[in-house]
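K.L.:
My questions concern the predicted model and sequence given below.
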Amino acid sequence: MTRSQDPKQAFSAWLRANGAHLDSLAFKQSADGAQSRGTGVFTNSSVTLHESIPLASVPATLLVSMDLVLQAAKEGTSDSARRLASCMNGASRALAAPQTSGPGWERTTLLIFLLWGYASLVRGEEASTACGDDKQRLDATFWAPYIRILPDIGEIDTPVLWTDNAALAGLEGTELAAGVKAKRSALLREFEKLRPHLNLLDAGGGDIFTPERFAWADAVFWSRVLGLGQALREFGGQPNASSDYHLIPLVDFCNHSPDANIRWHISEDQSHVVELRSTPTKGDAPLEVPADSELFISYGDRPNAEFLFIHGFVLPDNPANVLKLSVPFLENRFLNSDEEPQEDPTLEDDDAVRTAALNSLAVKTALLKDLGIRGMLTLAQPQYPVSDSDELPDPTTIVDPTFGMLSQRAACAMAVAVLTPQDGVERTEAGKYVIGGHELRETTVPALRAALETLPHWEVLRLRVWAVLLEIVNYKLCALYEGEETWRENRDDGASAPASAARIAKVQMFREGQKTMLLAACQLLQGLQERWAELDVVCSFLSEMQN
Ligand SMILES: C[S@@+](CC[C@H](N)C(=O)[O-])C[C@H]1O[C@@H](n2cnc3c(N)ncnc32)[C@H](O)[C@@H]1O
């Protein structure tokens with residue numbers, strides 16, 4: 001390979017020379033209207049895809065994981081391998097547990113790999129052309145054809161890398177605004193800690209490593225990494241593979257589509273570990289793909305917030321859009337604010353009310369933790385049944401009146417969140433949970449649901465859930481509308497750099513998706529609240545409470 005060769009062709013040649021098979025494929029620029037998708041995988045002739053026949057394959061020797069980085073640092077004999085070893089030693093000393101083991105450390109080692117390859121590339125260290133024996137893989141120059149065609153800083157469009165205020169302001173009022181700020185600060189802190197050790201990777205002294213370059217490595221990592229560890233150990237003939245995270249040159253150039261026509265597959269053939277194959281078709285029918293067509297894999301059904309944050313793109317009318325909210329424990333309302341607690345005649349003073357709230361909060365948090373429900377709840381888009389009549393079923397008569405907006409787990413978590421100390425939430429000394437005087441047979445979502453449904457005021461609890469959720473949804477909707485104002489002002493402000501039209505369109509599409517979700521949730525919850533407030537069982541319970 002010569003430096004003047006087209007990087008995409010050089011990459012194909014490097015893959016082939018090192019044992020990958022990609023006969024009918026080529027790497028080309030991909031775009032969807034104004035939205036660039038960067039490099040993609042295209043057919044170079046018409047092909048017939050079969051689910052059982054690999055279209056391309058990558059040998060184990062080309063997989064990039066922590067195992068490779070550690071091996072290069074330990075066994076490599078080149079100058080670059082020695083620099084890598086010094087950097088790895090320093091980095092593991094600079095970071096404290098838990099960052100020096102598990103997935104966090106795997107990520108750090110792969111970021112170091114990318115920066116190692118980058119330093120070698122910009123310092124013009126020559127890439128080797130010979131087919132790699134195992135030693136060559138332990139030298140940074142071996143990976144140059146791969147590092148060279150990775151998208152560079154200006155080609156990655158994730159909000160963490162945006163520098164124009166006009167686009168960043170577009171996230172105001174959405175869940176991403178705080179996430180992007182937090183991620184930027186975390187990356188900066190991490191970079192400062194690692195900087196002296198990263199500089200050891202660079203023969204030129206390290207002035208090429210900036211916070212932005214570190215954020216580039218992080219973005220490249222998250223947008224391409226696959227968690228293959230278990231699959232490799234179980235099916236890929238690599239019982240000793242200790243890494244989970246892998247970068248797979250070739251496979252990681254496949255762009256995403258909800259209508260993917262290919263998928264990656266762990267091969268049983270031990271020399272060709274990862275393959276590309278056709279997605280399953282009806283009756284195993286082969287798939288005819290014309291020449292010069294892009295082949296897509298699926299990154300999964302993810303909401304636009306996730307696609308934008310990790311990949312810098314959004315999908316129009318994405319059915320996987322969701323709303324995330326932290327579990328709204330009622331106790332927090334008065335523990336964290338001046339709000340008056342619900343009156344409880346059985347308790348003597350404010351201190352007793354506070355203690356009761358803290359106890360009940362501790363039991364509820366422990367219960368959700370034992371159920372595996374931590375942190376955030378997810379609200380999906382309601383899926384109304386498609387029927388000939390316009391009439392929806394009476395929500396009070398169906399198992400899930402939220403039409404899929406709340407999963408069984410989220411519905412249970414919400415019900416727990418709105419239980420008050422008066423509802424009787426306790427934990428016995430034996431660690432069993434008691435709700436309204438009934439001990440849970442087992443700490444599972446179905447058992448909790450069954451216990452909640454037996455409460456005499458179950459429907460009142462549900463009304464509380466609708467009311468609390470409606471309040472949150474309205475709050476988020478207001479924040480979104482207010483954010484819209486801030487964004488408009490920033491876009492019109494001549495002082496800030498103009499964002500590209502494609503980026504503005506992307507942010508707009510993201511905001512529209514959030515608005516659609518929130519309005520649908522608001523409409524549904526309003527209807528549920530009205531309907532539940534009319535139920536006899538709810539009316540009589542509430543009037544009894546008043547009396
Ligand atoms: C695994 S890489 C795919 C190869 C990548 N296009 C490249 O140039 O290296 C994932 C990245 O490709 C881009 N991408 C993938 N699918 C896309 C899509 N449907 N629309 C826009 N960009 C896409 C995003 O930048 C994403 O982070």
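P.N.:
Arrived safely. Quantities reported herein were computed from a predicted structural model and do not represent experimental measurements. Residues are numbered from 1 along each chain as shown.
K.L.:
Look at residue 142 and tell me its secondary structure.
P.N.:
When classified by DSSP: H, G, I helix; E, B strand; the rest coil, residue 142 comes out as helix.
K.L.:
no, scratch that, I was asking about residue 369
P.N.:
Residue 369 - assigned by three-state DSSP - is helix.
K.L.:
repeat for residue 377
P.N.:
Criterion first, three-state DSSP; result for residue 377: strand.
K.L.:
State the pLDDT value of it.
P.N.:
pLDDT for residue 377: 93.
K.L.:
At which residues are the strands of the stretch 401-547 of the chain located?
P.N.:
Applying DSSP state E, counting those that start in this stretch to the stretch 401-547 of the chain gives strands spanning 425-427, 433-435, 438-439.
K.L.:
Below-threshold pLDDT in the stretch 1-150 of the chain: ranges please.
P.N.:
1-4, 127-133 (pLDDT under 70).
K.L.:
Go again with 50.
P.N.:
Within the stretch 1-150 of the chain, the stretches with pLDDT under 50 are 1, 129-131.
K.L.:
near the ligand, which residues of it show up?
P.N.:
Counting by CB under 6 Å from any ligand atom, the stretch 1-150 of the chain comes close to the ligand at 32, 35, 37, 38, 39, 40. To be clear about C-beta, it is placed using only N, CA and C from the backbone, and glycine gets the same treatment.
K.L.:
Backbone dihedrals for the residue of the stretch 101-250 of the chain found nearest the ligand, both of them.
P.N.:
In the stretch 101-250 of the chain, the residue that lies nearest the ligand is residue 223 (3.3 Å; CB to the nearest ligand atom). Main-chain torsions, residue 223, degrees, to the nearest 10: phi -80, psi -10.
K.L.:
Contact partners for it?
P.N.:
Contacts for residue 223 (CB atoms under 8 Å, 6 or more residues apart in numbering) come out as 156, 158, 310, 311, 312.
K.L.:
Quick check: pLDDT value at the last one.
P.N.:
Here the pLDDT value assigned to residue 312 is 96.
K.L.:
Could you list the buried residues of the longest helix seen in the chain?
P.N.:
For the chain, the longest helix by residue count, based on DSSP state H, is helix 458-492. Applying a neighbour-count criterion of 16 or more other CB atoms under 10 Å, one finds 458-466, 468-470, 472-473, 476-477, 479-480, 483-484, 487, 490-491 buried in helix 458-492.
K.L.:
With stretch 313-332 instead?
P.N.:
So, applying 16+ other CB under 10 Å, buried residues of stretch 313-332: 313-315, 318, 320-323, 325, 327-331.
K.L.:
just stretch 149-157 next, same as before
P.N.:
Buried residues in stretch 149-157 (16+ other CB under 10 Å): 149, 150, 151, 156, 157.
K.L.:
What is the most widely separated pair among those residues?
P.N.:
149 and 157 (17.2 Å; CB to CB).
K.L.:
What parts of the stretch 151-300 of the chain come near the ligand?
P.N.:
151, 223, 224, 252, 253, 255, 256, 257.
K.L.:
just the helices in the stretch 101-250 of the chain please.
P.N.:
102-122, 144-149, 165-168, 175-198, 211-224, 229-234 (DSSP state H, counting those that start in this stretch).
K.L.:
So which of these is the most surrounded?
P.N.:
Of all those, helix 144-149 has the most neighbours on average by mean count of other CB atoms under 10 Å, namely a mean of 23.
K.L.:
Now tell me what touches the host helix or strand of residue 295 from outside.
P.N.:
Secondary structure from DSSP states H and E places residue 295 in strand 294-297. Contact with strand 294-297 is made by 25, 28, 30, 40-43, 55, 251, 254-257, 259-264, 276, 289, as judged by CB under 8 Å, 6+ apart.
K.L.:
6 Å instead?
P.N.:
Outside of strand 294-297, the residues within contact range by CB atoms under 6 Å, 6 or more residues apart in numbering are 30, 40, 41, 42, 254, 255, 257, 260, 261, 262, 263.
K.L.:
out of the residues of the stretch 1-150 of the chain next to the ligand, which is most surrounded?
P.N.:
The most crowded member of those, judged by other CB atoms under 10 Å, is residue 39 (21 neighbours).
K.L.:
ok, that residue touching residue 27?
P.N.:
Yes: Residue 39 lies in contact with residue 27 (CB atoms under 6 Å); the separation is 5.3 Å.
K.L.:
list residues touching both of those two?
P.N.:
If you check residue 39 and residue 27 against CB under 6 Å, 6+ apart, the residues they both contact are residue 253.
K.L.:
Which residues of the stretch 301-450 of the chain lie near the ligand?
P.N.:
Residues of the stretch 301-450 of the chain lying close to the ligand (CB under 6 Å from any ligand atom) are 311, 312, 313.
K.L.:
Going by distance to residue 360, which of those residues wins?
P.N.:
For these, the nearest to residue 360 is residue 311 (41.3 Å; CB to CB).
K.L.:
Quick check: chain neighbours aside, which residue is closest to that closest one?
P.N.:
With sequence-adjacent residues excluded and distances taken as CB to CB, 6 or more residues apart in numbering, residue 311 is closest to residue 223, at 5.3 Å.
K.L.:
any idea how far the one you found lies from residue 398?
P.N.:
Distance of residue 223 to residue 398, computed by CB to CB, to the nearest Å: 41 Å.
K.L.:
go on, residue 81?
P.N.:
Taking CB to CB as the measure, residue 81 falls 63 Å from residue 398.
K.L.:
who's more crowded, the two?
P.N.:
Between residue 81 and residue 398, residue 81 has the larger neighbour count (other CB under 10 Å), namely 19 against 12.
K.L.:
For this protein, give me the ranges with low pLDDT.
P.N.:
1, 129-131.
K.L.:
can I assume residue 29 sits in a strand?
P.N.:
Yes: under three-state DSSP, residue 29 sits within a strand.
K.L.:
How about it: what's its closest non-neighbour residue?
P.N.:
Nearest to residue 29 is residue 39, by CB to CB, 6+ apart, at 6.5 Å.
K.L.:
Right, I'll leave it there.
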